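Participant: using only what follows, build the 3D model:
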Amino acid sequence: MFKEFKEFILTGNVIDFAIAVILAGAVGLVVNGFVNDIIMPVVGNFAGGVDFADLKHVLSPAEIGADGTVVKAENAIRYGSWINSIINLIIVGFVLFMIAKSKIKFMGAAPDPAPTADQSLLAEIRDALKK
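Facilitator: The predicted structure is shown next:
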């Protein structure tokens, strides 16, 4: 069982997938920082100084006790965070599109695989039947 697991883990697809997941996490952090720290302040400035992360609709306000502690937390729909997530998704999608487009440009499209022996044999049979 350990031998089978070792063969599975050491296949190129699993290693490539692991690398892709780690890189995606890193790219996600970079894009998230870019959106939150650079894009959203600019968008907020053009929207009248609004910070989208603070936009919300309060369903029930927080209840604060006499001693200043929060007795019941605020219940709110935080649609500003959702707007930030949508902008983040658009930027990540654009970055991935550009990466895919540049990969195709620099590496070229994948060539069509050569036909297998079975496919070649079937093609010969088809051609013989046509004659």
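
Participant: how close does S85 get to F46?
Facilitator: Separation of S85 from F46 (Cβ to Cβ, to the nearest Å): 19 Å. In short, each C-beta sits where N, CA and C put it, glycine included.

Participant: just want to know which of the two has more residues nearby.
Facilitator: S85 (12 against 9; other Cβ atoms under 10 Å).

Participant: so which elements touch the strand or helix carrying the more buried one?
Facilitator: Here S85 sits within helix 79-107, counting by DSSP states H and E. Packing contacts for helix 79-107, counted by 3 or more Cβ pairs under 8 Å, 6 or more residues apart in numbering; DSSP states H and E, involve helix 12-34, helix 40-46.

Participant: what's the most buried one of the ones you listed?
Facilitator: helix 40-46 (a mean of 14; mean count of other Cβ atoms under 10 Å).

Participant: gap between the helix holding S85 and the chain center?
Facilitator: Remark: helix 79-107 is offset 8 Å from the chain centroid, using Cα atoms, centre = their mean, to the nearest Å.

Participant: mean confidence for the helix or strand that that helix is followed by?
Facilitator: Following helix 79-107 in sequence order, the next helix or strand is helix 117-130 (DSSP H and E). Averaging pLDDT along helix 117-130 yields 91.

Participant: can you give the distance of helix 117-130 from its chain's centre?
Facilitator: Centre-to-centre, helix 117-130 and its host chain are 44 Å apart (Cα atoms, centre = their mean).

Participant: ok, residues contacting it?
Facilitator: For helix 117-130, the external contacting residues (Cβ atoms under 8 Å, 6 or more residues apart in numbering) are P115.
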